[in-house]
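**Student:** Any chance you could fold what I've pasted below:
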Amino acid sequence: MAKKETAEEKLLKIIEATKQAKAGASAVNAAKVQKPLLGVSFQQINGALIAAVVAGLIFFVYQINSGFSLLGQDVSMPDAAAAAKDAPGILVPQMKNITYYLDKIASRNIFQPYEKKAADQSASSADIGLQTKMSKYKLVGVAWLDVPESATAMLEDTGKHETHFLKEGDKIEDVKVKTIFTDRVVFSCANEEITIKL
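**Tutor:** Numbering: from 1, shown residues only. Below is the predicted model:
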């Protein structure tokens, strides 16, 4: 007579069968995961990435060391005249001695009103007529907003102590404002032109 299985034995067989089924399914999944991508496995890709990171770190350390070695070296600038002789086609700016720049700064006291020197007031014989018309005017300022078209010249009549605000194209005593710059204004009358500086 055949031995009848107990409930415990049946339960034990079911548990062992499910364990075997899970183990088989995990082996199939593992085989799917380990399937190479375009003929390259994930282990090879990881190895290549690690090698790239190591190479990058080596390059970074090399660059830092070469930078530190350059820090200790003296910097020497070639003479501008020698550089101009070496490269005749290239224009090299010439630096002047520091005393030249200090003299320029000392020649103009920024806390005193600017007075024109005799060299600034010299004019050619052709400008004498316009020069006499404009001799009583003094340019006291130039103002502008965002665009150059908004530039306004502030011209003071030294005899009457009046200030005129003129734009390009405006006239004062038949003298037309031709061009307004940041530091000067060009006036014209007939065929003559004169420039008044701040």
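
**Student:** Report the next helix or strand after the lowest-mean-pLDDT helix or strand in the chain in sequence order.
**Tutor:** Least confident element among the helices and strands of the chain, by mean pLDDT, DSSP states H and E: helix 118-121 (a mean of 49). Sequence order places helix 128-134 as the next helix or strand after helix 118-121, per DSSP states H and E.

**Student:** Buried residues in that following helix, which are they?
**Tutor:** Leu130, Lys133, Met134 (16 or more other CB atoms under 10 Å). Every residue, glycine included, has its C-beta placed from N, CA and C.

**Student:** So which of the residues you listed is the closest to Val147?
**Tutor:** Closest approach to Val147 among these (CB to CB): Met134, at 27.0 Å.

**Student:** The closest residue to the closest one other than its chain neighbours bridge partners, please.
**Tutor:** Once flanking residues are discounted, Met134 sits nearest to Ile194: 5.7 Å by CB to CB, 6 or more residues apart in numbering. When bridges are called by DSSP bridges, Ile194 pairs up with Phe187.

**Student:** How many residues are close by Ile194?
**Tutor:** 19 (other CB atoms under 10 Å).

**Student:** Look up how far Ser41 lies from it.
**Tutor:** 87 Å (CB to CB, to the nearest Å).

**Student:** quick one: low-confidence ranges for the chain?
**Tutor:** 1-2, 26-37, 77-94, 108-110, 112-128 (pLDDT under 70).
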